[in-house]
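Peer 1: Turn this into a model:
(one chain, ligands or ions: 1)
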Amino acid sequence: MQRGLGIAGAAGRMGRLLAEEAAAAQIVVVGGVDRPGTELFGLTRFEDISHLAKSCDVIVDFTHASAAAGHAQALAESGARWVLGTSGLTAQDEQAVAAASSRIAVVKAANFSPAVSLMLALARQVAAALPADRYDAEILEMHHRQKVDAPSGTALALGHAVAAGRGVALDAVRESGRDGQTGARRPGAIGFAALRGGQVVGEHTLLFAAADEQFALTHRAFDRRAFAAGAIRAALWVASRPPGLYGMDDVLGLPAGLAKA
Ligand code: NAD
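Peer 2: Alright, predicted model coming up:
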C-alpha cells in the first residue's frame, strides 16, 4: 500500500478499532470521515469520502446502509479500493456496489472474521450432504441492543450458504420471526430467529435438526477486534487487485464461492 488507508465511520465502534489494527499492522491511516460533530480520535477529518478517497489506496467502510449507494458512486469515480463491512444493505444498494465493482476492486463481507468465513464454507458443505427433507435448518443469532437490522448480515449469509448447498434460492424457503398461528414448519424451510440484548458482539448458531439427531455449528465473537483485524487483512489484500467484487473467501484463498458472505 503506497499512500495508505482511509476509514469511513471513523468515530464508530468499528472505526476506532480499524485505526488501532491498521497501526498495529504498520499501515498509514491517512484520515477518516464521519457525521458532523463526531470525535475521530486524533485522525485527520476529511470533508467527505471523495476527498478522502483521492488521498488513499483503500477505504475501509463500516458506517450505515444509507451511506452505501453514495459511497459506491464516489469511490468508483475516485479509483480507491473499497473494503465494505456495513450491514443492512437493500437490493438497490447491492446493485450500486456491484456497479462500482466494475470500476474498482471491492471486498464485501457480512462478517470479516476468518473463522466465520470457514463456518460459511462448512455450512454449504453440510447442507449439501444432509437432505433437506430430513434435516431442518434453523439459524439463531444474538447481538447487542443497539443493532438496527435483523436478521444479521452474517445470519443471512449462513442462510444463503445453506440454500446454495441445497440448490435453492433463500428467498423461496426463508421463514423469519415466527409468531402466533404460524402453522407447521414448511418442509425445506430455512428458519431465522434473532435475539437482541446487552452488549453481545455477535453469536451465530446454524442447527440441522432431524427427528433422531441434531448437528450445530456455532461461532461467538467476544470482541469486534476479530472483524477489524480481518478487514485490515482484506485491505492489504485488495490494495493490488484489479476491479471486481471479492469476498473473504478470496482474501483467505478458500475454494471459489464456498464462503461468499
Ligand atoms: P457505529 O454506530 O458504532 O459506527 C458507525 C459510524 O458510522 C458512526 O460513527 C456514524 O456516525 C458513522 N456514519 C453513519 N452514517 C455515515 C455517513 N453517511 N458518512 C460517514 N459516517 C457515517 O456502528 P459499528 O458497530 O461500528 O458498525 C457499523 C456497521 O458495520 C454496521 O452496519 C454494522 O452492522 C457493521 N458491522 C459489520 C461487521 C462485519 O464484519 N462485516 C462487523 C461489525 C459491524
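
Peer 1: Put the alpha carbons of stretch 151-158 into CSV.
Peer 2: The C-alpha trace of stretch 151-158 is given here as CSV (Å, rounded to 0.1, in the frame of the first residue of the first chain):
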residue,chain,number,x,y,z
PRO,A,151,-31.6,-11.0,10.9
SER,A,152,-27.9,-10.0,11.0
GLY,A,153,-25.9,-9.9,7.7
THR,A,154,-24.0,-13.0,8.9
ALA,A,155,-27.2,-14.9,9.6
LEU,A,156,-28.4,-14.1,6.1
ALA,A,157,-25.0,-15.2,4.7
LEU,A,158,-25.4,-18.5,6.5
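
Peer 1: I'd like to know the average pLDDT value across that stretch.
Peer 2: For stretch 151-158, mean pLDDT rounds to 94.

Peer 1: Pull the distance from it to the chain's centre.
Peer 2: Offset of stretch 151-158 from its chain centre (Cα atoms, centre = their mean, to the nearest Å): 8 Å.

Peer 1: And stretch 90-98, by the same measure?
Peer 2: 14 Å.

Peer 1: cool, and stretch 133-144?
Peer 2: Taking mean C-alpha positions (Cα atoms, centre = their mean), stretch 133-144 and its chain are 18 Å apart.

Peer 1: in the stretch 151-261 of the chain, what residue is nearest the ligand?
Peer 2: Distances between the stretch 151-261 of the chain and the ligand by Cβ to the nearest ligand atom are smallest at residue 227, namely 3.7 Å. Using the backbone N, CA and C atoms, a C-beta is placed for each residue, glycine as well.

Peer 1: And that residue, its phi and psi?
Peer 2: phi -80, psi -40 (degrees, to the nearest 10).

Peer 1: neighbours of it, just the number please.
Peer 2: For residue 227, the neighbour count with other Cβ atoms under 10 Å is 25.

Peer 1: Using CSV, write down the CA coordinates of the helix or strand hosting residue 23.
Peer 2: Taking DSSP states H and E as the criterion, residue 23 maps to helix 13-24. Output in CSV follows, covering the C-alpha atoms of helix 13-24 (Å, rounded to 0.1, in the frame of the first residue of the first chain):
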residue,chain,number,x,y,z
ARG,A,13,-17.1,1.3,17.4
MET,A,14,-15.5,-0.4,14.3
GLY,A,15,-13.9,2.7,13.0
ARG,A,16,-11.9,3.2,16.2
LEU,A,17,-10.7,-0.5,16.2
LEU,A,18,-9.8,-0.3,12.5
ALA,A,19,-7.4,2.6,13.2
GLU,A,20,-5.8,0.6,16.0
GLU,A,21,-5.5,-2.6,13.9
ALA,A,22,-4.1,-0.6,11.0
ALA,A,23,-1.5,1.0,13.2
ALA,A,24,-0.6,-2.5,14.6
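
Peer 1: Buried residues in that helix, which are they?
Peer 2: Neighbour counts over helix 13-24 (16 or more other Cβ atoms under 10 Å) mark 14, 15, 16, 17, 18, 19, 21, 22 as buried.

Peer 1: First-to-last residue distance for stretch 139-153?
Peer 2: Start-to-end span of stretch 139-153 (Cα to Cα, to the nearest Å) is 12 Å.

Peer 1: which residues make contact with that stretch from outside it?
Peer 2: By Cβ atoms under 8 Å, 6 or more residues apart in numbering, the residues outside stretch 139-153 that reach it are 65, 87-88, 110-111, 154-155, 158-159, 162, 176-177, 190-207, 261.

Peer 1: among those, which are in reach of the ligand?
Peer 2: When contact is defined as Cβ under 6 Å from any ligand atom, these meet the ligand at 87, 88, 110, 111.

Peer 1: Just list the residues touching residue 214, thanks.
Peer 2: Residue 214 touches 207, 208, counting by Cβ under 8 Å, 6+ apart.

Peer 1: Ramachandran angles for it?
Peer 2: Dihedral angles of residue 214 (phi, psi; degrees, to the nearest 10) stand at phi -130, psi 150.
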